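A.B. asks: Generate a structure from the sequence data that follows.
(chains A and B, ligands or ions: 2)
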Amino acid sequence: MPIDGTKIIHAVMEGSRIRDAKGIIPLFGVYLSIFFVPYYNRVSFEFEKKMGKDQDVEAASLLIEAAQECGYATFHGIQNSWEWQEIVEPMIEKREDQIFGFTAVALAFGWGDMEVRELVPNERLLIRVTDSYEAARYAEDHGPATSGKCYMLRGVTAAFMDLLYGGIYPEGLFTFSAEESCCRAKGDQCCEFLAQKR
Amino acid sequence: MQINWKNELNRKGRRVVLSNQPVAMHCHHYNINLQKTLEDTLGEEGVRLLYQAAEEASFDGFQTLFSQHKKLKTTESKLEFAADIYQNCGLGIIRFQETDSRGGQIISPAGHHVTGWLAKHGMRKTPGCHFSRGWIAGVLEVIYDHPPGYYSVKELACKMMRNETCVFQVTEKLKRKRKLKT
Ligand SMILES: [Zn+2]
Ligand SMILES: [Zn+2]
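C.D. replies: Ligands and ions are numbered 1, 2, ... in the order given. All right, here's what the predicted structure looks like:
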C-alpha cells in the first residue's frame, strides 16, 4: 500500500491544534512549535553572514549538522510515537516505505514537498523539493547564491538514511551525509539533495 | 476575542499558513539545536541574533495579523490575542501583567524553549529564553505602535535556571540610555 500523505497531513493539522495546559504541543513524540518562516531564515543566513566569508563553509556545516541531528532525533521520536504506529505503520509494507512516511510528515510540517526521486537501499537517497522555504526568498533578500542554501532539508535528507541504515539508534547519526546539487537560491528550478554514505 | 484557530492555522497549497503567512512547524530538537549552535559559536553575538530574528519576525507577523483582525481595537484585546497566539503556536504561556507603552513586566510560567532546553541539556546557569524576549519585543512594538528595536527586553529569572517562572522586563531603549547619562 502506498503512503497516503493526506492522512498524515490531517493528523498533523489536527494534532497541532491540541496543546496542553502549558501551551506545549506534544505530537509524534516531540514538542512542536509553530512560527513564522522568516525567523528561521534570518537565524541561518545572518549566522552565516556573522561568521564571515572565510568561515562560511564552517557556518553551513554547523547548520547542516544541527539539522541532521535534529532530523535524526525527531524522526526517531516520530517512528516510535503512537501517532506513527496508528496512522503510518499500517501503510508501510517494506522498510523503504518509511522514507515516504517521513517526507509526508515534512510536508505536513510546512518544510516543503520532499519528493523521493531515487532510493537505493543503504546507498543513496535523492530528494527533490520545489518549494523549500529556505530557498524561496533567498535571492530576493541576499542576492543570488553561489551554493545551495537549504541547510535544514540537506541535514534532514541525510538523517532519513541514518535512521534507516545507520544501525541502532543513537549510533547511526552521521553515517550518511548529503549534498545539495541544485538549489532555487542559485537560480535552479528546484532543490535536490543527495544523501550517500560518508 | 476568541481565536478561530481552525481558520487561523491552515494549509495553502503545500504550505502551512497562519493567517496567510507561511509558518513552519519545528520541534524542540531543532529550535534548541539552533540556539545552542549560535550560542556556542558566536557567544553574545549569537544571542543577539536569536533575539533580533525573533523580534523582526514577530513584529512583521503581528503587524499582518492585527491588520487582518480589525475587531481588535483595545490594547487589552490585542495583548490577549497575542498571548493566545503564543499558546496556540505551542510556544507556551505568557502573561502580560503590567505593560504600557513604556514597557513593563511579563511572566511566563511555561514555554517550548524551556521544556526543550531542559529535556536536551538540563539546567542553565544563565537565562536562556532569547527567542521569547525577541517575540515579546516585536509584539509589543506593534501593539504600542513603535518601530522595531524600540524596546529592550531582559530576562530577570528563567525556568531554564530552575527559577519558578521566567520573568521578562521591558524598557524603552532610548529612555534607558538617557537615564544612564544623567
Ligand atoms: Zn535549496
Ligand atoms: Zn526563561
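
A.B. asks: Low-confidence stretches in chain A?
C.D. replies: For chain A, residues meeting the criterion pLDDT under 70 lie at A:1.

A.B. asks: For it, what lies in contact range of ligand 1?
C.D. replies: A:132, A:135, A:150, A:183, A:191 (C-beta under 5 Å from the ion). No exception for glycine: its C-beta is placed from N, CA and C like everyone else's.

A.B. asks: what bridges to the last one?
C.D. replies: Partner residues in beta bridges with A:C191: A:V129, with DSSP bridges as the criterion.

A.B. asks: quick one: which helix or strand includes the nearest residue to B:K154 once chain neighbours are set aside?
C.D. replies: Counting by C-beta to C-beta, 6 or more residues apart in numbering or on different chains, B:Q169 is the residue found nearest to B:K154 once chain neighbours are left out, at 4.9 Å. Using DSSP states H and E, B:Q169 falls within strand B:166-172.

A.B. asks: count of neighbours near the residue nearest to B:K154?
C.D. replies: Counted by other C-beta atoms under 10 Å in any protein chain shown, the residues lying close to B:Q169 total 15.

A.B. asks: Across the sheet, point out what pairs with it.
C.D. replies: Listed by DSSP bridges, the beta-bridge partners for B:Q169 are B:Q105, B:K154.

A.B. asks: for A:E118, same thing?
C.D. replies: Where A:E118 sits in a bridge, its partners, by DSSP bridges, are A:L126.

A.B. asks: What residues does it make contact with?
C.D. replies: Contact partners of A:E118, counting by C-beta atoms under 8 Å, 6 or more residues apart in numbering or on different chains, are A:124-126.

A.B. asks: re earlier: check whether the strand holding B:Q169 comes near ligand 2.
C.D. replies: Yes - Strand B:166-172 lies in contact with ligand 2 when judged by C-beta under 5 Å from the ion; the contacting residues are B:C166.

A.B. asks: Next, the buried residues of that strand.
C.D. replies: Within strand B:166-172, the residues that count as buried by 16 or more other C-beta atoms under 10 Å in any protein chain shown are B:166-168, B:170, B:172.

A.B. asks: starting at the chain centroid, how far to that strand?
C.D. replies: Taking C-alpha atoms, centre = their mean, to the nearest Å, one finds the center of strand B:166-172 at 11 Å from the center of the full chain.

A.B. asks: re the thing from before, in CSV, list the residues of chain A next to ligand 1 along with distance to ligand 2, neighbour count and secondary structure.
C.D. replies: Formatted as CSV, the entries for those read as follows, by distance: C-beta to the ion, whole Å; neighbours: other C-beta atoms under 10 Å in any protein chain shown; DSSP: H, G, I helix; E, B strand; the rest coil:
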residue, distance to ligand 2, neighbour count, secondary structure
A:S132, 31, 25, coil
A:A135, 33, 26, helix
A:C150, 31, 29, coil
A:C183, 36, 25, coil
A:C191, 35, 27, strand
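
A.B. asks: Max pairwise distance over these: which two?
C.D. replies: Spatial extent of those (C-beta to C-beta) is set by the pair A:S132 and A:C183 at 7.8 Å.

A.B. asks: so what sits against both of the two?
C.D. replies: Listed contacts common to A:S132 and A:C183 are A:150, A:191; contacts here mean C-beta under 8 Å, 6+ apart.

A.B. asks: where do the strands sit along chain B?
C.D. replies: Defined through DSSP state E, the strands belonging to chain B, from first to last, are B:9-12, B:15-18, B:21-27, B:92-100, B:103-111, B:151-157, B:166-172.

A.B. asks: packing partners for the first one?
C.D. replies: When contacts are defined as 3 or more C-beta pairs under 8 Å, 6 or more residues apart in numbering or on different chains; DSSP states H and E, strand B:9-12 sits against helix A:5-15, strand B:15-18.

A.B. asks: before we move on, back to that, what angle sits between the strand holding B:Q169 and strand B:103-111?
C.D. replies: 160 degrees (axes from the mean of the first three to the mean of the last three C-alpha atoms, to 10 degrees).

A.B. asks: what's in contact with strand B:166-172?
C.D. replies: B:99, B:102-109, B:111, B:114, B:127, B:129, B:132-133, B:136-137, B:140, B:150-160.

A.B. asks: Let's see that strand as CSV, backbone CA atoms only.
C.D. replies: Presented in CSV, the C-alpha positions along strand B:166-172 are these (Å, rounded to 0.1, in the frame of the first residue of the first chain):
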residue,chain,number,x,y,z
CYS,B,166,10.5,33.2,33.5
VAL,B,167,10.3,37.0,34.2
PHE,B,168,10.8,39.5,31.4
GLN,B,169,11.4,43.2,31.9
VAL,B,170,10.6,45.5,29.0
THR,B,171,12.1,49.0,28.9
GLU,B,172,12.4,51.7,26.3
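
A.B. asks: No further queries at this time; thank you.
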